[in-house]
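Student: I would like the atomic coordinates for the input below:
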Amino acid sequence: MYILGLNAYHGDSSACIYKDGEIIAASEEERFRRIKHWAGFPSKAIEFCLTEAGITINEVDYIAVSRDPKANFSKKIFTALKNRLSLKNMINRAQNLKKANSIENEICNHFHLSPATLKAKVVQVEHHRSHLASAFFASPFEEAAILSIDGFGDFSSTMLATGKGNQIKVLDTVSYPHSLGIFYTTLTQFLGFPHYGDEYKVMGLAPYGTPRYVDLIRKLILLKDNGLFELDLKYFNHPKNGVNMAWENGIPGMDSLYTENLTTLLENPRQQHEELSQYHKDLAASVQQVTEEVIFHILNHLHQKTGLKRICIAGGVAQNSVANGKIKLNTPFMQIYIPPAGHDAGTAIGAALWVWNQLEKKPRTTPMFHGYLGSKFDNAYIENMLKEKNIQYLKPEQKDFFNEVTNCLIDEGVVGWFQGRAEFGPRALGHRSILADPRNTKAKELLNAKIKRRESFRPFAPSILSEFVGEYFEQVDDVPFMEKVFKIKAEKRYEIPAVTHLDGTGRLQTVHHHTDEKYYQLIKSFGEKTGTPILLNTSFNENEPIVNTPEEALNCFLRTKMDMLVMEDIIIKK
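Tutor: Residues are numbered from 1 along each chain as shown. Okay, here's the model as predicted:
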C-alpha cells in the first residue's frame with residue numbers, strides 16, 4: 001500500500017511517500033522552488049517522492065492531506081459573522097479553503113488525469129491531528145501523552161491527546177481566536193521581524209535581555225485552571241480582521257496582528273531596520289519567559305490528567321528549542337520525542353501515518369530516528385557536473401579524505417558539507433551543512449562575513465558525538481534533530497565559544513554512528529586531532545532555502561567566501 005502525504009496551501013508545503021508503513025522519501029516544496037516556506041501546491045515534492053518510490057500517481061492507494069476544510073466549519077462561519085470580518089478576509093479564507101478542498105482536482109490536472117481514473121482515495125486529516133500523528137506514530141513510545149501547538153490550523157491552535165499502540169485519543173483543544181503561536185508571532189512582529197517564520201529570531205535575541213517586562217506580557221495571555229489558556233483579545237487584531245494570510249507566488253505573508261492597545265502597553269513597535277535597543281532585548285526575554293510558562297502550564301496539567309511520563313510534541317511552537325530544553329526541568333515528563341519536522345511540513349508525514357495507523361489500524365512503523373529523507377546524488381553525478389563546468393577537484397582515499405577536511409577546519413576554514421540524503425525539516429543535520437571549528441572565537445563573525453550575513457545575535461549550533469554529551473552539557477539526553485537547547489557546563493564554555501550562546505547554552509545535535517556514519521567519522525577525526533568532539537554546524541544556504549542539489553551547493557560555494565566544498569567523496573578547494 002502506497003500513501004502519499006501532503007501539506008498543501010499552507011506554509012512549508014511538503015510531500016512524503018510511504019510503502020506498507022515505511023517511509024521512502026519526504027521533502028519540502030521550498031527545496032525545489034527556492035522560495036522559503038513555499039505555501040502552494042507541492043507538485044515538485046510530489047514528483048520527487050513518486051520518483052524515489054519508483055511509481056506513478058496511478059499506483060498510490062491513499063492521498064492523505066493535512067487539512068480538513070470541513071473541520072469546525074460551523075464555528076468558522078459563526079465567528080466570521082460574529083466578528084464581522086472584512087469581506088477581503090472572508091474571500092481570502094474561502095479561496096484558500098476551496099484550494100485545500102480540491103486536492104483531487106489539483107492532482108488530476110497536474111498529472112493529466114480524469115478524476116474517474118485516479119485510483120487513490122483522498123483523505124483529509126485535520127491539521128492538528130496530523131501534527132499529533134507526526135509526533136506519536138513516528139516515536140519509539142508504545143504509549144505517551146501528545147501535544148500539538150502552533151498558530152492555527154483548521155480553526156484550532158492547540159490539541160492535547162494520548163497515544164497508545166496505533167490509536168490516538170484527543171482530550172482537549174484550544175480554538176480560534178486563542179493561540180500561543182499567534183501570541184508569539186504578534187510580539188515577533190512588534191519587535192520588528194515581519195516575515196513569516198521570523199519567530200526564531202526572538203528566541204535568539206532573548207538571551208541578550210533581562211525579562212523585566214514579564215508582568216506586562218502576562219497581561220496578554222491568561223492561564224486557565226483546566227491547563228489551557230486564553231488571549232486577552234484587545235491586544236490582537238485577528239479576532240476582528242481574521243488572520244489574513246497572503247500566498248503571493250507561493251511566498252507566505254501575514255498582516256500585522258497587534259492593536260493600538262499593545263502599542264499603548266509596550267510603547268512604539270520597532271521598525272524593521274531600526275537598531276535593536278536594550279528595551280527590545282528585554283522585551284524578547286520577557287516574551288520567551290512567558291511562552292515557556294504557558295507551555296509548562298499545559299504540560300503539567302496534561303501529565304496530571306494522563307499520569308504518563310512520556311510526551312510527544314509537534315507544531316510550530318514545538319520548534320522553540322529553548323523551551324524544549326527545559327521541559328524535563330519544569331514538568332514531570334521523563335522522556336520527550338519531537339520529530340525532525342515538528343513544523344507544518346511534518347504534517348504531510350502525520351497525515352500519512354494517521355491513515356496508516358488510525359484509520360487502517362495497521363501496526364506501528366519503524367520509529368523516526370533521523371530525518372534524511374530528501375534528495376541524494378552519487379559521486380558519478382557530481383564528477384560529471386564538475387567536469388562540465390571545468391571545476392578542479394580531489395577524490396582522496398578515506399583516511400586522507402577526513403584529514404583534508406579536518407585540517408581545513410582547524411586552519412580556520414569554512415567547509416560546505418553535502419552528503420547523502422537531504423534533511424526533511426528546518427534544520428541542517430550534517431547532510432546539507434556548513435561547518436567550522438567551534439573553538440575559534442572568531443568563527444561566528446567569519447561565517448556571517450563570508451556566507452550567512454545574518455543578525456549577529458543569532459547563535460550557531462554544536463554537533464556533538466552522542467557519547468560526549470555528559471562531558472559538555474548539564475543535561476544528558478538524545479537530541480538528534482537539534483530540537484533542544486541545553487546549558488553548556490561552565491568549565492567547557494571557553495573551549496567552544498563559537499557555539500556557546502550569550503546565556504551559556506547551545507542548541508545541540510547528538511550525532512550517532514548508526515544513523516550518520518560519515519558525519520560521525522568527521523567529528524571523530526576532528527576530535528582526535530583537537531580533543532574537542534564537536535563541530536559548529538549551520539545550514540548550507542545564503543539567505544535562501546537549504547541547498548538541495550550539487551549545482552546549488554557549488555553556486556553557493558563559488559559566490560561566497562567558503563574555503564572548501566565537500567560533496568560525497570569529492571573535495572573542491574579555493
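
Student: Only C-alpha atoms from now on, for both contacts and neighbour counts.
Tutor: OK.

Student: what's the neighbour count on S13?
Tutor: S13 has 27 neighbours, counted by other CA atoms under 10 Å.

Student: Give me the phi and psi angles of it.
Tutor: Note on S13: its backbone torsions stand at phi -50, psi 140 [degrees, to the nearest 10].

Student: which residues does it contact?
Tutor: Taking CA atoms under 8 Å, 6 or more residues apart in numbering, we find S13 in contact with 6-7, 28-30, 37-42, 344-345.

Student: same check, this time on Y258
Tutor: Residues near Y258 by CA under 8 Å, 6+ apart: 186-187, 190, 235-237.

Student: thinking again about what came up before, CSV for the contacts of S13, including neighbour count and distance to N379?
Tutor: Shown next, in CSV, are the contacts of S13 (neighbours: other CA atoms under 10 Å; distance: CA to CA, whole Å):
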residue, neighbour count, distance to N379
L6, 33, 31
N7, 32, 32
E28, 33, 24
E29, 31, 25
E30, 26, 25
H37, 26, 30
W38, 28, 30
A39, 27, 33
G40, 25, 33
F41, 23, 32
P42, 25, 28
D344, 29, 33
A345, 33, 29
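
Student: Can you give me every residue that contacts Q475?
Tutor: Contact partners of Q475, counting by CA under 8 Å, 6+ apart, are 469, 486-487.

Student: try 7 Å this time
Tutor: Residues in contact with Q475, defined by CA atoms under 7 Å, 6 or more residues apart in numbering, are F486.

Student: picking that back up, out of the contacts of Y258, list just those in helices.
Tutor: The members of these that map onto helices under DSSP state H are 186-187, 190.

Student: Tell me the buried residues within those.
Tutor: For the ones in helices among the contacts of Y258, a burial check counting by 16 or more other CA atoms under 10 Å picks out 186-187, 190.

Student: Point to the residue nearest the middle of this protein.
Tutor: P426 (3.9 Å; CA atoms, centre = their mean).

Student: Sticking with N300, tell me its helix or strand.
Tutor: helix 278-306 (DSSP states H and E).

Student: Could you list every helix and strand that that helix packs against?
Tutor: The elements that helix 278-306 packs onto, with contact taken as 3 or more CA pairs under 7 Å, 6 or more residues apart in numbering; DSSP states H and E, are helix 199-205, helix 214-218.

Student: Make CSV from these and add distance to R421 and mean neighbour count to it.
Tutor: Supplementary listing: those in CSV, determined by distance: least, CA to CA, whole Å; neighbours: other CA atoms under 10 Å:
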stretch, distance to R421, mean neighbour count
helix 199-205, 25, 22
helix 214-218, 42, 17
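
Student: I'd like those laid out as TSV, including mean pLDDT and distance to I149.
Tutor: Output for these, formatted as TSV (pLDDT from 0 to 100; distance: least, CA to CA, whole Å):
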stretch	mean pLDDT	distance to I149
helix 199-205	97	14
helix 214-218	98	19
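
Student: Tell me which of those helices lies nearest to V60.
Tutor: Using CA to CA as the measure, helix 199-205 is the one of these that comes nearest V60, at 36.6 Å.

Student: Contacts for that closest one next, please.
Tutor: When contacts are defined by CA under 7 Å, 6+ apart, helix 199-205 is touched by residues 185, 188, 281, 284, 288, 457-459.

Student: if we take those, which one ends up nearest to N379?
Tutor: Set against N379, the nearest of the contacts of helix 199-205 by CA to CA is P459 (32.9 Å).

Student: So the closest residue to that closest one other than its chain neighbours: helix, strand or coil?
Tutor: Of all residues not flanking P459 in the chain, H501 sits nearest, at 5.9 Å (CA to CA, 6 or more residues apart in numbering). What DSSP: H, G, I helix; E, B strand; the rest coil gives for H501 is coil.

Student: Count the neighbours of H501 for me.
Tutor: Counted with other CA under 10 Å, H501 comes out at 21.

Student: separation between it and G413?
Tutor: Distance, H501 to G413, using CA to CA, to the nearest Å: 21 Å.

Student: Touching the host helix or strand of T173 from outside, list them.
Tutor: Taking DSSP H and E as the definition, one finds T173 inside strand 167-175. Residues outside strand 167-175 that contact it (CA under 7 Å, 6+ apart): 155-163, 357-358.

Student: Repeat the analysis, applying 8 Å as the threshold.
Tutor: With CA under 8 Å, 6+ apart as the test, strand 167-175 has contacts from 132-133, 155-163, 228-229, 357-358, 361.

Student: Which one of these is nearest to I46?
Tutor: For the contacts of strand 167-175, the nearest to I46 is A133 (20.4 Å; CA to CA).

Student: Quick check: that closest one touching W354?
Tutor: Yes: at 5.8 Å, A133 counts as touching W354 under the criterion of CA atoms under 8 Å.

Student: Compare the contacts of helix 199-205 and tell me which is most surrounded.
Tutor: A284 (29 neighbours).
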